[in-house]
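Engineer: The sequence and its predicted three-dimensional model are supplied below.
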Amino acid sequence: MAARERRPNPRVGPGRTVRSEPPVDPALYRQVVGRFATGVAVVTTVAGGADHAMTVNAFTSVSLDPLLVLFCVEKIARFHEFVLDSGLWAVSVLTEEMRDASNWFATRGRLLDGQLDDWPHTRGPVTGAPVFTAAVAALECRTHAVHDGGDHSIVVGEVLDLDIPDPQGKPLIFYDGTYRSLA
């Protein structure tokens, strides 16, 4: 934490409700949480006989016993319905060279037909979901739980299979609103 002096907040403590007065500025919120460096991944699923994909940076490990991970998906995104209906999905952690893929799968309203054509991928052996062959890591999952997260759903998945498609790849990093690379 910064070295500035903080006085105790009389609103915080046992039996007291924490309120933000004045309300937190959403633009400042985005700036502050954007200072947390994250990896970039694409989550994929197969629903209705078609492939579906979405870029995420809200992805993390949750538990070792059982093996659980989570990602967050905006409730108004088309992908939300597809991944919840399917219940099976894959995560491909992107390499530095996959910025275009990250941007493409983050584009709202893009055509769904043939959306994976420009990125080499295979079918996950357990879920059948697309897995990028140039990913630094890949996981196949079954939905374990879905939690409300405001305007997003928090999708927790049981890990069914793991792979390291490109062991020499360097991960794509997102920090302060832009892509970065490891030094």
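Structural biologist: Now that the structure is in, tell me what you want to look at. Residues are numbered from 1 along each chain as shown.
Engineer: Which residue ranges of this structure form strands?
Structural biologist: Taking DSSP state E, the strands of the chain run over residues 38-39, 41-47, 50-56, 59-64, 67-74, 88-93, 121-123, 130-132, 137-149, 152-163, 173-175, 178-180.
Engineer: any idea of the angle the third one forms with strand 67-74?
Structural biologist: By that I understand strand 50-56. Angle, strand 50-56 to strand 67-74, by axes from the mean of the first three to the mean of the last three CA atoms, to 10 degrees: 90 degrees.
Engineer: still on that earlier bit, using a markdown table, please lay out the strands of the chain together with mean pLDDT, mean neighbour count and distance to Arg110.
Structural biologist: (Glycine included, C-beta is placed from N, CA and C.) Formatted as a markdown table, the strands of the chain follow (pLDDT from 0 to 100; neighbours: other CB atoms under 10 Å; distance: least, CB to CB, whole Å):
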| stretch | mean pLDDT | mean neighbour count | distance to Arg110 |
| --- | --- | --- | --- |
| strand 38-39 | 94 | 16 | 22 |
| strand 41-47 | 97 | 25 | 13 |
| strand 50-56 | 96 | 21 | 10 |
| strand 59-64 | 97 | 13 | 20 |
| strand 67-74 | 98 | 19 | 15 |
| strand 88-93 | 98 | 26 | 17 |
| strand 121-123 | 97 | 17 | 16 |
| strand 130-132 | 98 | 25 | 15 |
| strand 137-149 | 98 | 18 | 22 |
| strand 152-163 | 98 | 18 | 20 |
| strand 173-175 | 95 | 16 | 19 |
| strand 178-180 | 93 | 12 | 19 |
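Engineer: what about the closest residue to Arg108 other than its chain neighbours, how many neighbours?
Structural biologist: Excluding the flanking residues, the one nearest Arg108 by CB to CB, 6 or more residues apart in numbering is Ala77, at 7.8 Å. Look at Ala77: counted by other CB atoms under 10 Å, it has 14 neighbours.
Engineer: for the residue nearest to Thr60 when sequence neighbours are not counted, what are its contacts?
Structural biologist: Nearest residue to Thr60, sequence neighbours excluded (CB to CB, 6+ apart): Leu70, at 6.0 Å. Counting by CB atoms under 8 Å, 6 or more residues apart in numbering, Leu70 makes contact with 59-60, 62, 154-157.
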